[in-house]
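Enquirer: Structure for this input, please:
(3 chains)
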Amino acid sequence: MAMKELYARLKALYPLGELTDQRRDLAFVTLPAAHLRDTILHLRDKEGFTHLVLLTAVDWLEEGQFQLTYLLNNRQRACDLGLRVMISRDAATMEGIHDIWPTAATYQRELREMFGIDFPGSPRIEEEFILEGWNDIPPYRRDFDTLKYAQEAYAERPGRVTHDPETHMRLQMYPGQHPAGK
Amino acid sequence: MMTKPELMKRMVKGPDGLEFEVDPLRDYYCEAPPTVMPGAYIQIVEDFFNWARSQSLWILGFGTGCGAIEMRPLMTPRFDAYRFGVAWRPTPRQANLFIISGYLSTKTLKRAIRAYEQMQNPKYVIGLGSCTINGGMYWDSYNTIKKLDEYLPVDLYIAGCMPRPEALLAGFEEMKKIIRAGKAEGANQYAENFAWYKANQKRVIHDWDMPDYNW
Amino acid sequence: MDFDWMKIPYAFLTVFIVVNYGFLMGALIQKIGARAGRRHGIPIWQYYLDVIKNYGLRSSITHGVMFYLGPVFRLSGGVGLLLFMPVIYGSYMFSNFSFAGDLILALYFVFFGTLGMALGAGESGHPHAAIGVTRGLQQVSMAELPFAMAVFSVALQYQTLSMTDIVAAQQGGLANWTLFTNPIAVAAAMLAFLGSMMRPPFDVFIAPQEIPIGPPTEYHSSYLALMQTNRAIFPVAKIVIYMNLFFGGAGSWPELFVKVFFLYLFSAFVGVCFPRFRVEQSVRFFLVWGVPLGILSIMVV
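Expert: Residues are numbered from 1 along each chain as shown, chains lettered A, B, ... in the order given. Take a look at the predicted model:
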């Protein structure tokens, strides 16, 4: 209920997309990248969403877009609001929010390394975050073939077998029974 | 390759006003490659030393992966590994046994190699968990190695995901047998096949910003 | 002054006995501590194995001359302490090289090893070794203060600086021990004793697992083995001083073993009962409790 009211108040100020009411205390809303900063500042200063829980990204490869999710938390009312921003996948760039929450700088470094999303002006954005000497496309992009990379880059020990856990355990526990029989 | 500014050759001004040149890789590390060190000349002395080594396993307290959590219970009253002559040391200089506890990302591998090279001959490596054997559940990961013995000489593997502390205790007993039999010569094996190990290590560690051998 | 050459092999015998006793007793105390934590603890011969193992390591590296000398200083601190005091009272064999002013020398030797470590660890090039040494020296100097005062008090009381004379004055029954004739000095000294035994609650600066920056970080192989040997000798030597000054000395080896064991047990007992102090806390502890007691003991005498 509270989320609906909040959405109505915000809707009057900014061009928002649909509200996804996940739970009583969790909702998501999509908005254009240009209005993100104003909305965040409004939410922080007027609505009590003082805490940045996380900043993460989703790769919508087919649509050619990255989705950035800014999850904000209102400590007073114990509810979370996620702001979703869609940006273009090629030459992905986004305005940083490290001046609003300094912690965001770390998330932005991670996003740059793992997804290749640039945040110009973010502190230490050029530095390596956790990968050292990475020499391929960013590994969390969906067009990065993890299996192929692992096979090419790292030596393997032959003889590795993969079992379907259910079938394997049934054969182990009830030998002689047909694997497909339930 | 050498991108880190603290590793670059540079001029430093000391507190007394003198300027001098510092080349960290040359000045702060010893680059001499490891040599094969034979045991004592008399076999019975070497056997005696091996017996003492097997009864006094000092583990490097460096948890590389999730398996490190299995080592902690060993210090507690329930398992009490100390009664088997197993102890944990905080520094590689004093440790003899390096337990690679679980998956090794390439970033951790770099640190593991450095720690291993700082240990003193003879030294032993135990690979703990499936991840060190064939990658385990990280078999298709983009940044974990899958076969530990390509990069470090491994004396013993303990299979499981994760092995229980009991398995680790059994592994220590097995390790003791190997040491007593005089077969735990990993350090010399490393020195003999140094070029091969280095080539393997450099194939996965792309930003090699340390000397080839650092103690 | 006539020097008896036969004293030299006797002194070696003393060191030999003390090393073995130190190893076994150290392990036994470890075991008792482990029992308090409901563990079995290390085997009683574990320290021998560790030392043999460390001497038996094939490679060792050095960081310079002082790096060598650190453990050597430390060991000579322990051995020197032992050699210049009367270990067994009234025994010609084991009175070693004690002389009239040996109390002063003993006070100096207690500190000697730590200083040697400071020099050696400084040379190791480990950036945090200096911090570790400073913390160690800070605490040991603070713990020395009440002890030094207690020693002055005892020296005043017996009007001598010779340990043999002090022990002689305490013979003839329990009531003659300094423990009963000068209890305040003994109390001050026992607080100092806790501080210098490198057991909890005063062992933060050597607790390696918690702060891997301590002085011995870079030491390994034979260096470490030397230091371990000293870890066996030094506590015994120090306890022998305490025994001589405050607890009536020992007339025979069994008496010495029993007294040293119980004194060591005292520090172990305190150790398993109390949590660790941080260095600045222990400094304050010694200033607030140890030093006034020491001053009081001098005043009373």
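Enquirer: B:Ser101: what's it in contact with?
Expert: By Cβ atoms under 8 Å, 6 or more residues apart in numbering or on different chains, the residues touching B:Ser101 are B:Gly63, B:Thr64, B:Gly65, B:Cys66, B:Gly67, B:Ala68, B:Glu70, B:Met71, B:Leu128, B:Gly129. Backbone N, C-alpha and C define where each C-beta goes, glycine included.
Enquirer: Is it possible to mark the buried ones in those?
Expert: The neighbour-count test (16 or more other Cβ atoms under 10 Å in any protein chain shown) marks B:Gly63, B:Thr64, B:Gly65, B:Gly67, B:Ala68, B:Glu70, B:Met71, B:Leu128, B:Gly129 as buried among these.
Enquirer: sorry, back to before: out of the contacts of B:Ser101, list just those in strands.
Expert: By the criterion of DSSP state E, membership of the contacts of B:Ser101 in strands covers B:Leu128.
Enquirer: Closest one to B:Pro34 out of the contacts of B:Ser101, please.
Expert: Nearest to B:Pro34, judged by Cβ to Cβ, of those is B:Thr64 at 21.6 Å.
Enquirer: can you count the residues close to residue 150?
Expert: Picked chain A for this. For A:Ala150, the neighbour count with other Cβ atoms under 10 Å in any protein chain shown is 20.
Enquirer: Sorry, I should have been clearer: chain C.
Expert: Neighbours around C:Ala150, by other Cβ under 10 Å: 30.
Enquirer: Which residue, other than its chain neighbours, is closest to it?
Expert: Distance criterion Cβ to Cβ, 6 or more residues apart in numbering or on different chains; nearest residue to C:Ala150, sequence neighbours excluded, is C:Ala189 at 3.7 Å.
Enquirer: Can you name the residues in contact with the helix or strand hosting the one you found?
Expert: C:Ala189 belongs to helix C:183-196 when assigned by DSSP states H and E. Applying Cβ under 8 Å, 6+ apart, the contact partners of helix C:183-196 are C:110, C:139-140, C:142-147, C:149-151, C:153-154, C:157, C:178-179, C:201-202, C:238, C:242, C:245-246, C:263, C:266-267, C:270, C:282, C:286, C:289-291, C:293-294, C:296-298, C:300-301.
Enquirer: Export the contacts of B:Ser101 to JSON lines and append columns for pLDDT.
Expert: Shown next, in JSON lines, are those (pLDDT from 0 to 100):
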{"residue": "B:Gly63", "pLDDT": "83"}
{"residue": "B:Thr64", "pLDDT": "84"}
{"residue": "B:Gly65", "pLDDT": "83"}
{"residue": "B:Cys66", "pLDDT": "84"}
{"residue": "B:Gly67", "pLDDT": "84"}
{"residue": "B:Ala68", "pLDDT": "86"}
{"residue": "B:Glu70", "pLDDT": "86"}
{"residue": "B:Met71", "pLDDT": "87"}
{"residue": "B:Leu128", "pLDDT": "91"}
{"residue": "B:Gly129", "pLDDT": "90"}
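Enquirer: For the helix holding C:Ala189, what does the pLDDT average out to?
Expert: If you average the pLDDT over helix C:183-196, you get 88.
Enquirer: can you give me the angle the following helix or strand past it makes with helix C:183-196?
Expert: The helix or strand immediately downstream of helix C:183-196 is helix C:221-246, counting by DSSP H and E. Counting by axes from the mean of the first three to the mean of the last three Cα atoms, to 10 degrees, helix C:221-246 lies at 170 degrees to helix C:183-196.
Enquirer: Please see if helix C:221-246 touches chain B.
Expert: Yes - under the criterion of Cβ under 8 Å from any Cβ of the partner chain, chain B is reached by helix C:221-246 at C:Ser221, C:Leu224.
Enquirer: what's the average pLDDT for that helix?
Expert: In this model, helix C:221-246 has an average pLDDT of 86.
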